[in-house]
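> here's my sequence, what's the structure:
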Amino acid sequence: MELVPTKRLELYAGRSHPELAQEIADHLGVALQEANLKNFPNGEIHCRFGDSVRGTDVFILQTHGEPVNDSIMEQLIMIDAAKRASAKRITAVCPYYGYSRQDRKVWGREPITAKLVADMLRVAGANRIMSVDLHSGQIQGFFDGPVDHLLAMPVLIDYLRQQGGADSVIVAPDAGRVRVAERFTQTLHADLAIVHKRRPKEAPGQVQARDVVGAVEGRRCIVVDDMIDTAGTVCAAADLLVAAGATEVWAMATHGVLSDPATDRLKNSCISRVVITNTLPLPPERLIDKLEVLSVAPIIANAIDAVFEDTSVSEIFGGENQA
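This is a model prediction of the structure:
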């Protein structure tokens with residue numbers, strides 16, 4: 001007797017970003033399953049899936065938003081529950097990957113917490129990880145299994161094309177973002193500029209933008225980065241660009257972390273438009289007038305579908321997501 005196995009996709013989500021989870025489920029055309037998450041009086045998290053996941057392809061979605069540690073722990077507990085319920089394959093979908101900035105040792109006696117998070121996801125039972133715009137490509141090597149590195153760049157580029165501005169300049173806010181900025185310039189056939197910055201050793205939380213390399217005078221400058229946290233980097237870059245003669249400065253980033261005092265800095269800065277994606281939830285008090293939020297739900301949904309159908313994720317991005 002020959003049995004033909006049936007494939008079944010199940011999508012579960014933690015509580016950090018329910019709006020994004022529902023949007024992804026809608027794009028996939030599947031129901032968002034009930035994980036029955038709750039907290040004990042002492043703060044411990046409990047999870048019990050409402051239906052059987054035996055033999056299924058389970059995708060557990062959780063962006064590592066505030067509070068970051070609770071979000072990560074909640075996802076680990078959900079993964080453990082799926083593993084112990086005999087799921088066939090478990091994918092940890094982390095639109096924003098927590099602790100990604102600590103991906104190497106800059107000074108002695110520091111942790112590499114991006115690696116630690118990858119280890120915890122693996123030990124909990126994840127077979128693969130899916131994330132959007134990791135802080136650095138090397139994080140893919142921290143996980144002992146497949147990592148699908150998705151890009152928000154198609155969404156951001158579509159937005160720029162709709163807005164026009166043929167004489168725009170793509171600006172890398174520091175040396176680490178030059179390669180990403182170059183991808184924008186190649187696709188948009190735009191010029192590239194680079195801001196040289198330094199973080200004083202005596203004041204690690206501060207940023208000093210010191211010089212601009214590239215022709216920006218009389219042009220709209222679009223500063224692209226992977227995230228905006230306290231907005232110190234992007235605001236310092238914007239001040240320098242305006243001083244160099246830029247007519248307008250936009251800021252574009254995938255992850256809108258927007259920790260205090262980011263909202264006040266952006267509101268009072270010379271930046272005229274801030275464009276981010278919805279990888280992280282934003283409370284109403286951070287939705288300032290100059291902020292626009294684009295959705296990455298279609299990209300994540302397409303990637304989930306490709307993994308489930310065992311087709312290529314790279315083809316979604318034309319192979320550009322490998323670096």
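
> make it CA atoms for all contacts and neighbour counts henceforth
OK.

> going along the chain, name the helices of the chain.
18-28, 68-84, 113-124, 153-163, 178-188, 232-243, 262-268, 297-308 (DSSP state H).

> most packed of those?
Taking mean count of other C-alpha atoms under 10 Å as the contact definition, the stretch among those with the greatest mean neighbour count is helix 232-243, which reaches a mean of 22.

> got a list of contacts for it?
173, 195, 206-212, 216, 221, 223, 228, 248-249, 251, 262, 265-266, 269-271 (C-alpha atoms under 8 Å, 6 or more residues apart in numbering).

> what's the average pLDDT for it?
Throughout helix 232-243, pLDDT has a mean value of 93.

> CA-only coordinates of that helix in PDB, if you can.
Listed next in PDB are the C-alpha coordinates belonging to helix 232-243 (Å, rounded to 0.1, in the frame of the first residue of the first chain):
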ATOM      1  CA  GLY A 232      20.500  60.100  16.200                       C
ATOM      2  CA  THR A 233      22.300  58.800  13.100                       C
ATOM      3  CA  VAL A 234      19.700  59.900  10.600                       C
ATOM      4  CA  CYS A 235      19.100  63.400  12.100                       C
ATOM      5  CA  ALA A 236      22.900  64.100  12.300                       C
ATOM      6  CA  ALA A 237      23.200  63.000   8.600                       C
ATOM      7  CA  ALA A 238      20.200  65.200   7.600                       C
ATOM      8  CA  ASP A 239      21.800  68.300   9.300                       C
ATOM      9  CA  LEU A 240      25.000  67.700   7.400                       C
ATOM     10  CA  LEU A 241      23.200  67.200   4.100                       C
ATOM     11  CA  VAL A 242      21.200  70.400   4.500                       C
ATOM     12  CA  ALA A 243      24.400  72.300   5.400                       C
END
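
> strands of the stretch 1-150 of the chain, start to end?
Remark: strands of the stretch 1-150 of the chain, listed N- to C-terminal, are 9-13, 38-39, 45-46, 57-61, 89-94, 128-132, 147-150; assignment by DSSP state E, counting those that start in this stretch.

> ok so, going back, of all the helices of the chain, which lies closest to residue 281?
Judged by C-alpha to C-alpha, the one of these that comes nearest to residue 281 is helix 18-28, at 8.2 Å.

> how about low-confidence regions in this structure?
Judged against pLDDT under 70, the low-scoring parts of the chain cover residues 1-5, 197-209, 322-323.

> circling back to that earlier point, using a markdown table, lay out the strands of the stretch 1-150 of the chain together with mean neighbour count and distance to residue 302.
Formatted as a markdown table, the entries for the strands of the stretch 1-150 of the chain read as follows, by neighbours: other C-alpha atoms under 10 Å; distance: least, C-alpha to C-alpha, whole Å:
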| stretch | mean neighbour count | distance to residue 302 |
| --- | --- | --- |
| strand 9-13 | 22 | 13 |
| strand 38-39 | 12 | 30 |
| strand 45-46 | 15 | 30 |
| strand 57-61 | 24 | 13 |
| strand 89-94 | 24 | 13 |
| strand 128-132 | 23 | 12 |
| strand 147-150 | 21 | 10 |
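
> buried only: go through the contacts of helix 232-243 for me.
Among the contacts of helix 232-243, those that count as buried by neighbour count (16 or more other C-alpha atoms under 10 Å) are 173, 195, 207, 209, 212, 216, 221, 223, 228, 248-249, 251, 262, 265-266, 269-271.

> can you lay out the strands of the stretch 1-150 of the chain as TSV showing distance to residue 81?
Conversion of these to TSV gives the following (distance: least, C-alpha to C-alpha, whole Å):
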stretch	distance to residue 81
strand 9-13	11
strand 38-39	14
strand 45-46	10
strand 57-61	11
strand 89-94	11
strand 128-132	16
strand 147-150	21
